[in-house]
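Asks: following is a predicted model, sequence given first.
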Amino acid sequence: MIIDIILSLAVFLNLLLGYLSIIQDRKSWQNRFFSLLCLFSAFWTFTNFMTGIYATPFWLKSTYSFGSLVASTGLVWTLFLTDKSLKLKKVAIVYAFALFFFVASFFDGFIAKNYEAIYPGGAFAGEPGGGLIIYAVFFSINGILILYNLFSGYSASTSGEEKNKFKFIIYGAFGTLGVTFLTSLFLPLFSIYQFSGVDSIGVLILLVCISYTIIKYHLLNIKVITTEIFIFVLWILLIARTVLSEKYQDFIINGGLLVTVVIVGILLIRSVIREVNQREKMEKMAEQIKKAYEVEKKANEELEALGAVKNQFLMTIQHHLRTPLTSMRGYADLLLAGSYGKAPKKINEVIVKFEASTTSMIKMVNDFLDITQFQLGKKTIALKDGVSLYPILEEISKDSELQATNKGIYLKLEIPEGECLIKADESKLKAAIVNILDNSVKYTKEGGVLLRAIIKNEKVLITIKDTGMGISKERLPKLFSSTFERGEDAKKAFSEGRGIGLYLSRQVVEAHGGKIWAESEGEGKGSTFFIELPCDIIKQ
């Protein structure tokens with residue numbers, strides 16, 4: 001009697017777990033075959049139950065028939081559990097064997113040639129059939145492969161949670177297979193048949209372990225399962241209440257309540273499933289974002305390391321370039337001075353050109369070095385108090401007069417009376433202003449350039465206004481921020497430019513606590529550059 005109750009309970013639990021699995025994710029092959037496993041286990045348990053009530057050859061054959069489906073489906077389920085890319089060809093092969101034993105078990109003489117007695121659980125006393133040993137081998141191979149797949153999944157798992165999932169399922173599989181082999185194969189060899197019905201109850205061990213895994217590790221979603229169980233229990237109670245209604249009025253009320261609860265229950269289950277799916281999607285997105293952040297962080301670290309190597313390489317190269325160039329210019333000066341004897345006029349002309357080219361190359365290397373140092377954040381500006389600005393502007397204007405005269409354009413200087421003392425690195429500030437003035441002279445074909453200084457709000461505003469080619473609106477925003485970039489008109493007018501002067505001027509001016517910007521009405525309409533610096537002392 002107790003065994004019959006436990007078998008009935010096992011049938012119910014199999015069907016319930018199979019239903020809950022399939023409705024959570026109908027598209028998942030893993031869920032589909034787990035539900036199929038539960039269904040076949042329920043049929044197998046039911047046939048074992050029936051052999052205890054009706055000890056007939058038909059129910060005996062049914063136990064072996066459905067047993068083959070349970071073993072094969074368990075194998076397929078473990079294959080899907082451990083191999084996400086499983087091909088259906090393997091599944092078809094497994095079920096081909098299962099179908100053979102499912103059909104063959106019903107043939108007379110395959111399991112048993114004759115029966116002296118039939119016991120619950122598929123055990124019998126009599127002469128075994130020719131297929132019983134083959135069936136036992138088939139069942140044993142399935143059991144071994146199931147354990148192999150579970151152990152493979154356990155070994156391949158990378159997280160502790162995944163390993164624990166497999167560990168508890170392995171415990172359940174060992175328990176189920178152990179009970180089945182003991183009660184259905186081993187004990188009957190010694191004519192012990194009273195425990196043969198326990199093999200189906202052994203499935204409960206696997207169910208308990210899987211259920212524990214579900215609750216603890218969310219193999220299926222526990223929130224969905226809990227909601228569905230609650231709704232199903234409520235439906236069963238209301239169905240029983242409706243059927244047992246004694247009065248027609250109570251039947252109508254209970255029936256209407258049942259219909260309402262069924263509709264509300266379905267909507268509630270769908271709502272919970274939708275909520276769970278959304279949460280899972282958000283968790284996946286969060287995990288993907290976390291992985292993307294880690295990849296980006298690693299990439300940034302690698303870029304910073306490469307940047308440091310690049311900057312160190314540039315610094316080293318520039319220093320090694322500047323040393324020989326300085327020596328070359330020094331020897332050129334000695335040759336012009338006659339330190340090695342008087343040279344013919346033509347040779348001196350070549351030496352002058354050589355010295356000019358070397359000086360230009362030294363300036364270029366120094367500019368590159370300055371750019372690298374600014375990008376590395378190294379301090380390259382040494383500010384001094386009490387630097388007079390106007391003499392610097394006069395010197396710059398005087399140095400550029402010859403270049404402007406040779407081009408046939410004017411160069412004017414307008415500075416107020418008095419004195420303006422600033423905090424500055426004189427050589428660096430002069431180079432920054434020269435870069436801008438030199439550009440204005442280079443790119444002006446007609447008209448000229450006006451260099452001007454005015455005092456406004458305790459600051460000095462230096463303007464360099466030219467009547468040259470102008471600047472397009474598209475280029476103005478990035479004029480001082482890009483390096484090694486020049487406009488097409490600028491390249492045509494002066495092909496030897498490097499596109500770094502304005503960038504360096506901005507760095508120098510900002511290091512002096514000032515601001516620099518440019519204005520232009522467009523190409524061919526000239527341009528005006530502004531440099532604003534703070535004044536310490538103004539004398540007018």
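Replies: Ah, there it is. Numbering: from 1, shown residues only.

Asks: all the strands of the protein, residue numbers only.
Replies: Read by DSSP state E, the chain holds these strands, from start to end of the chain: 112-118, 124-128, 384-388, 410-414, 419-424, 448-456, 459-466, 515-519, 527-534, 537-539.

Asks: can you list those strands in CSV and add distance to residue 134 and mean neighbour count?
Replies: In this view, the C-beta of every residue, glycine as well, is placed from N, C-alpha and C. Formatted as CSV, the entries for these read as follows, by distance: least, CB to CB, whole Å; neighbours: other CB atoms under 10 Å:
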stretch, distance to residue 134, mean neighbour count
strand 112-118, 14, 15
strand 124-128, 11, 16
strand 384-388, 102, 13
strand 410-414, 109, 15
strand 419-424, 101, 20
strand 448-456, 105, 17
strand 459-466, 101, 20
strand 515-519, 93, 16
strand 527-534, 97, 20
strand 537-539, 110, 12
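
Asks: tabulate those in CSV, adding columns for distance to residue 503 and mean pLDDT.
Replies: CSV is the format used below for the strands of the chain (distance: least, CB to CB, whole Å; pLDDT from 0 to 100):
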stretch, distance to residue 503, mean pLDDT
strand 112-118, 96, 80
strand 124-128, 95, 76
strand 384-388, 23, 90
strand 410-414, 24, 93
strand 419-424, 19, 90
strand 448-456, 21, 92
strand 459-466, 17, 93
strand 515-519, 11, 92
strand 527-534, 14, 94
strand 537-539, 30, 71
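
Asks: will you turn the ones you listed into JSON lines that also has distance to residue 285?
Replies: Converted to JSON lines, those look like this (distance: least, CB to CB, whole Å):
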{"stretch": "strand 112-118", "distance to residue 285": "58"}
{"stretch": "strand 124-128", "distance to residue 285": "58"}
{"stretch": "strand 384-388", "distance to residue 285": "58"}
{"stretch": "strand 410-414", "distance to residue 285": "64"}
{"stretch": "strand 419-424", "distance to residue 285": "54"}
{"stretch": "strand 448-456", "distance to residue 285": "56"}
{"stretch": "strand 459-466", "distance to residue 285": "53"}
{"stretch": "strand 515-519", "distance to residue 285": "44"}
{"stretch": "strand 527-534", "distance to residue 285": "49"}
{"stretch": "strand 537-539", "distance to residue 285": "62"}
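
Asks: could you report the separation of the most centrally placed residue in the chain from residue 472?
Replies: Geometric centre of the chain, nearest residue: residue 292, 2.5 Å, by CA atoms, centre = their mean. For residue 292, the distance to residue 472 equals 39 Å [CB to CB, to the nearest Å].

Asks: picking that back up, out of the strands of the chain, nearest to residue 402?
Replies: Between residue 402 and these, the shortest separation by CB to CB is 9.6 Å, and it involves strand 410-414.

Asks: for the closest one, which strands pair with it and how are they oriented?
Replies: Here strand 410-414 is paired, per DSSP bridges, with strand 448-456 (parallel).

Asks: what angle sits between the partner strand and strand 527-534?
Replies: Using axes from the mean of the first three to the mean of the last three CA atoms, to 10 degrees, the interaxial angle of strand 448-456 with respect to strand 527-534 works out to 30 degrees.

Asks: how close does residue 51 sit to residue 63?
Replies: To residue 63, residue 51 is 6 Å away according to CB to CB.

Asks: the more surrounded of these two?
Replies: A side-by-side neighbour count of residue 51 and residue 63, using other CB atoms under 10 Å, places residue 63 first with 30 against 24.

Asks: just checking, the more buried one touches residue 45?
Replies: No: using CB atoms under 8 Å, residue 63 makes no contact with residue 45, being 9.5 Å away.

Asks: tell me if I'm right that residue 57 and residue 115 touch.
Replies: Yes: here residue 57 lies in contact with residue 115, judged by CB under 8 Å, at a distance of 6.3 Å.

Asks: for the closest residue to residue 412 other than its chain neighbours, give its distance to residue 430.
Replies: Nearest-residue entry for residue 412: residue 450, 4.9 Å, with adjacent residues in sequence omitted and distances by CB to CB, 6 or more residues apart in numbering. Distance of residue 450 to residue 430, computed by CB to CB: 19 Å.

Asks: for the protein, what's the longest helix?
Replies: Once the chain is assigned using DSSP state H, the helix that runs over the most residues is helix 248-336.

Asks: mind giving me the domain ranges of the protein?
Replies: The record's domain split for the chain, according to automatic domain parsing, is 2-220, 328-376, 384-539.

Asks: looking at these, which is nearest to residue 304?
Replies: Closest approach to residue 304 among those (CB to CB): domain 328-376, 12.2 Å.

Asks: for that closest one, give the mean pLDDT please.
Replies: Here the mean pLDDT over domain 328-376 is 73, rounded to a whole number.

Asks: my read is that residue 31 contacts residue 22, right?
Replies: Yes: with contact defined as CB under 8 Å, residue 31 reaches residue 22; the gap is 5.9 Å.

Asks: what is the burial count for residue 259?
Replies: 12.
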